[in-house]
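>>> can you look at this prediction? I've put the sequence above it.
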Amino acid sequence: MRIVEHPVLAFATGKEVTFTFEDKTMAGLEGEPIAAALHANGVRELREHHGRPRGFFCAIGNCSSCLMEVDGVPNVRVCVEPLQGGMAVKLQKGNGRLMPGGKA
């Protein structure tokens with residue numbers, strides 16, 4: 001599910017790390033966008049807005065289709081946020097909100 005060769009682009013590969021998505025352990029490449037790691041693991045729905053699923057869309061941080069909760073912080077644009085080992089990623093429903101103590 002991952003593009004490894006391209007006629008124009010070169011893909012630098014980081015070391016493989018693990019992270020969780022909805023409490024399920026997944027693997028990705030350190031430094032790649034979180035959305036790319038999710039996509040490589042078969043995840044297509046990144047958030048729900050007005051009862052409808054949203055997925056990987058612009059991939060440059062301009063839209064809001066990829067807003068997710070990362071390590072308890074809502075509204076993270078996962079198309080441009082680099083993956084780090086141990087991250088906890090969750091689907092976000094609606095606009096997301098901070099709770100006391102910084103948790104969503």
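That came through fine.
>>> any idea which helix or strand in this structure has the lowest mean pLDDT?
Least confident helix or strand, the chain: strand 52-54 with a mean of 71, by mean pLDDT, DSSP states H and E.
>>> may I have the strands that pair with that one, each with its orientation?
Strand pairing for strand 52-54, using DSSP bridges, gives strand 47-49 (antiparallel).
>>> report the beta-bridge partners for Phe19.
Going by DSSP bridges, Phe19 forms beta bridges with Met26.
>>> contacts only, for it.
25-28, 34, 37, 83-89 (CB atoms under 8 Å, 6 or more residues apart in numbering). All C-beta spots, glycine's among them, are computed from the backbone N, C-alpha and C.
>>> out of the residues you listed, which are buried?
The neighbour-count criterion (16 or more other CB atoms under 10 Å) marks 26, 28, 34, 37, 83, 87, 89 among the contacts of Phe19 as buried.
>>> looking at those residues, which is nearest Glu16?
Comparing those against Glu16 with CB to CB places Gly28 closest, at 7.3 Å.
>>> excluding its backbone neighbours, what's nearest that closest one?
Excluding the flanking residues, the one nearest Gly28 by CB to CB, 6 or more residues apart in numbering is Ala37, at 2.8 Å.
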